[in-house]
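**Student:** Next comes the sequence, and after it the predicted model I'd like to discuss.
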Amino acid sequence: MYSMSDLSPRRAAILAFIHDRVDGQGQPPTLAEIAQACGLASRGAARKHVLALSEAGLIDVTARQARGIRPADFRARADRLQVPILGRVAAGLPIGADAGLVDTLELDARLFAARPDYLLRVQGDSMIEDGILDGDLVAVRRADDAYDGQTVVARLEGELTIKRLSRGGAHVRLLPRNPAYAPIEIQPDQEFAIEGVFCGLVRRG
């Protein structure tokens, strides 16, 4: 059984796209539209992720309907969060981050694997294979440590970036999810800290 703790960046992107289409356009997406928007190879690949999200209780799927995919009880007020947007984060080379409050969004709590503390806007394309695109808002839960393989927001030499964390012995690397970018090897003399872990994504049309 798929659980909220397993919400990968790819499935978070798919869930965000479904919410965006239903809330913004009043019409659920088809599997073909999900595949195209989220960089999946086929309708079958989209169906696999949709079924996992349905098993987790995050969406409702009506069989034999092209547009039968809807957020589960999206309008329930008890599950709404006010989440601040704080600056931006690089999906590419690290960029400076504005720590000030940019905006606040009211969002469905079930978009997220854990309750987020804030959102950061993505700039760059180094995480596209995980479904994190330029302009997306990534939800971040504050944490000063993370497990190997988790997607994290890290501060490197005073600048923020979002990457997948890799730990191997004494070595720490930040891995992009785009072959056009090289991994970032953290050197012992560099200023490095984990600021938080990825827990969801918001895509606004």
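**Tutor:** Yep, that arrived. For clarity, every value in this text was computed on a predicted model and none was experimentally measured.
**Student:** Please report the residue range of the longest helix in this protein.
**Tutor:** Longest helix in the chain, counting residues (DSSP state H): helix 9-25.
**Student:** can you tell me the average pLDDT over it?
**Tutor:** Averaging pLDDT along helix 9-25 gives 84.
**Student:** same check, this time on stretch 55-63
**Tutor:** Rounded mean pLDDT across stretch 55-63 is 86.
**Student:** First-to-last residue distance for it?
**Tutor:** In stretch 55-63, first residue to last residue: 14 Å (CA to CA, to the nearest Å).
**Student:** Show me which positions of that stretch end up buried.
**Tutor:** 56, 58-59, 61 (16 or more other CB atoms under 10 Å). Heads up, the C-betas are built off the backbone N, CA and C, glycines and all.
**Student:** Can you lay out those as CSV showing distance to Gly124 and secondary structure?
**Tutor:** Shown next, in CSV, are the buried residues of stretch 55-63 (distance: CB to CB, whole Å; DSSP: H, G, I helix; E, B strand; the rest coil):
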residue, distance to Gly124, secondary structure
Ala56, 29, coil
Leu58, 27, coil
Ile59, 29, strand
Val61, 33, strand
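**Student:** picking that back up, ok, and what's touching the longest helix of the chain?
**Tutor:** Residues outside helix 9-25 that contact it (CB atoms under 8 Å, 6 or more residues apart in numbering): 7, 27-29, 33-34, 37-38, 46, 49-50, 52-53, 58-59, 69-71, 74, 108, 111-113, 127, 130-133, 136, 151, 177, 198, 200-205.
**Student:** that older thread, among the buried residues of stretch 55-63, find me the one that's closest to Val122.
**Tutor:** Among those, Leu58 lies closest to Val122 (CB to CB), at 21.7 Å.
**Student:** domains of the protein?
**Tutor:** Following automatic domain parsing, the chain resolves into domains at 4-71, 80-202.
**Student:** Those: lowest mean pLDDT?
**Tutor:** Of all the domains of the chain, the minimum mean pLDDT falls on domain 4-71 (a mean of 85).
**Student:** Please enumerate the helices of the chain.
**Tutor:** Going by DSSP H, the chain shows helices at 9-25, 31-37, 43-55.
**Student:** Tell me which of those is the most buried.
**Tutor:** With neighbours defined as mean count of other CB atoms under 10 Å, the helices of the chain peak in mean count at helix 9-25, which reaches a mean of 21.
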